[in-house]
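Novice: Sequence first, then the predicted structure, then my questions.
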Amino acid sequence: MTEPLFYAEHLPDTGATFMLTGGEAHHAAASRRLAPGDPLWLFDGRGGLARATLGQITKRGHELTLRIEERRTEPPSKPSIHLACALPKGDRQSVLLDMATQLGMTRFTPLVCERGVVKPGAHSQERWRRICLEACKQSRRVYLPEIREPASPAQVAVSHQGAWIAHPSGVAAGAMLVGTLPNELTLLVGPEGGFTEAEVRQAVEQGARTVSLGPAILRIETAAIGLLAVIALGAWNAG
Ligand code: SAH
């Protein structure tokens with residue numbers, strides 16, 4: 001079994017003693033059933049990673065004393081993937097953010113589209129952050145995706161030159177992998193009702209290119225995940 005990974009906002013230096021508390025401590029003691037002497041890892045969501053050994057378990061598993069054995073910073077994965085995506089309904093938002101984080105999304109912008117019906121709720125940001133955090137732990141990605149303010153396709157295309165806009169009639173997705181992968185790649189995915197022609201035109205005028213996974217009409221999250229998988233493959237091949 002791989003040694004488990006937990007989140008801590010601030011990581012101490014090698015040799016320090018660290019108290020892991022709250023939900024992460026409880027998860028380690030109750031769900032993962034870690035015992036004194038067990039190895040574990042901590043990450044801070046900004047590339048910081050620390051290997052630690054569990055010492056004492058106190059407060060009925062809500063407080064863990066750890067010794068930090070090694071502390072390092074991992075480089076960001078390349079390309080850093082910015083997903084600007086219309087919101088699917090209900091639980092499918094969790095599927096989208098969970099899978100996108102696993103596949104390397106490092107920024108998420110909720111896309112506000114003319115035909116979009118789903119709006120972020122009052123607690124969406126916090127809920128999305130928790131989903132992304134769990135996905136980081138699952139996939140051992142140590143950069144927690146940044147969640148940005150909602151924006152329109154044109155706004156995203158203006159500020160992210162060379163973005164890709166997902167559209168069934170775009171160029172085949174392999175086009176994203178031609179040449180050297182950029183350090184950052186932005187992907188726009190539209191709402192259930194699709195992008196309007198004006199939205200696609202405006203984004204293209206700003207330098208975005210349409211990209212497709214074939215003629216089938218996919219759900220929002222399927223299109224996003226499929227395209228992220230293509231990029232993940234490209235990044236892996238580029239090694
Ligand atoms: N009702 C719309 C479909 C919207 S699907 C229509 O009939 O056209 C939601 C979004 O997923 C789309 O806006 C697009 O960005 C993306 N998408 C769906 N199928 C796709 C495909 N085959 N290739 C690339 N993107 C796709």
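Specialist: Perfect, thanks for sending it.

Novice: Residue of this structure nearest the ligand, please.
Specialist: Across the chain, the shortest distance to the ligand (Cβ to the nearest ligand atom) belongs to Gly190, at 2.4 Å. Using the backbone N, CA and C atoms, a C-beta is placed for each residue, glycine as well.

Novice: Report the contact partners of that residue.
Specialist: Contacts for Gly190 (Cβ atoms under 8 Å, 6 or more residues apart in numbering) come out as 86, 111, 113, 115, 153, 165-167, 199, 220.

Novice: Then Val118?
Specialist: Contacts of Val118 by Cβ under 8 Å, 6+ apart are 86-89, 93, 191.

Novice: export those to JSON lines and tack on distance to Arg209 and pLDDT?
Specialist: Output for those, formatted as JSON lines (distance: Cβ to Cβ, whole Å; pLDDT from 0 to 100):
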{"residue": "Ala86", "distance to Arg209": "18", "pLDDT": "98"}
{"residue": "Leu87", "distance to Arg209": "23", "pLDDT": "98"}
{"residue": "Pro88", "distance to Arg209": "24", "pLDDT": "97"}
{"residue": "Lys89", "distance to Arg209": "28", "pLDDT": "96"}
{"residue": "Gln93", "distance to Arg209": "26", "pLDDT": "97"}
{"residue": "Pro191", "distance to Arg209": "20", "pLDDT": "98"}
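
Novice: Setting aside sequence neighbours, what's the nearest residue to Met99?
Specialist: Ile225 (4.8 Å; Cβ to Cβ, 6 or more residues apart in numbering).
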